[in-house]
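In: Provide a 3D model corresponding to the input given below.
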Amino acid sequence: GTYAVQLARASGAEVTGVCSAAKADLVRSIGASEVVDYAREDFAGRGSRYDVIVDTAGNRALRHLRRALTPRGTLVIVGGERGGRWLAGTDRQLRTVLLDPFARQRLRVVFMAFREADLRAVAELVGSGRVTPVVDRTYALSEVPEAVRSLERGQVRGKTVITV
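Out: Next up is the predicted model:
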């Protein structure tokens, strides 16, 4: 999410971040012009429509996300969700791919594919300071169980780094 906000902003997009109230200042500081606290307000029910939605959380139904898109908007699903009835968390990605040919909106799933040109572009943004890794905390290798528990509790603001 922190990279998505910064990359969109660096590309000239106006960014609305959806996060907890505890993360609102952080999300604004990395480029979001507007922040919606998901615990207090449903971003899809606000009446605003978005050209692009990048969902990194995985806890909203596709129909809910699509309702907040413009008629020709793009929904990008990043990562999986917990559990999943049949496919252990990849259900939503599969439904996205299957629904796309029948939707006016563009429905996309991010699968990891590294292209040299993309990596160079990101490296340039990081090198120039336009994109900055947001590090919440650094853990020693022996503290990995604690780091994982922190991630599971949703208490992380940015990236968790493990030093080896």
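
In: how's the chain carved up into domains?
Out: 2-133, 135-164 (automatic domain parsing).

In: output these in a markdown table; the columns should cover mean neighbour count.
Out: In short, each C-beta sits where N, CA and C put it, glycine included. Listed next are these as a markdown table, based on neighbours: other Cβ atoms under 10 Å:
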| stretch | mean neighbour count |
| --- | --- |
| domain 2-133 | 15 |
| domain 135-164 | 12 |
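
In: tabulate these (TSV), appending mean pLDDT.
Out: Output for the domains of the chain, formatted as TSV (pLDDT from 0 to 100):
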stretch	mean pLDDT
domain 2-133	88
domain 135-164	91
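
In: show me the residue at the heart of the chain, geometrically.
Out: Nearest to the geometric centre of the chain sits Thr56, at 3.0 Å (Cα atoms, centre = their mean).

In: hang on, that residue packs against Tyr3?
Out: No. With contact defined as Cβ atoms under 8 Å, Thr56 does not reach Tyr3; the gap is 9.1 Å.
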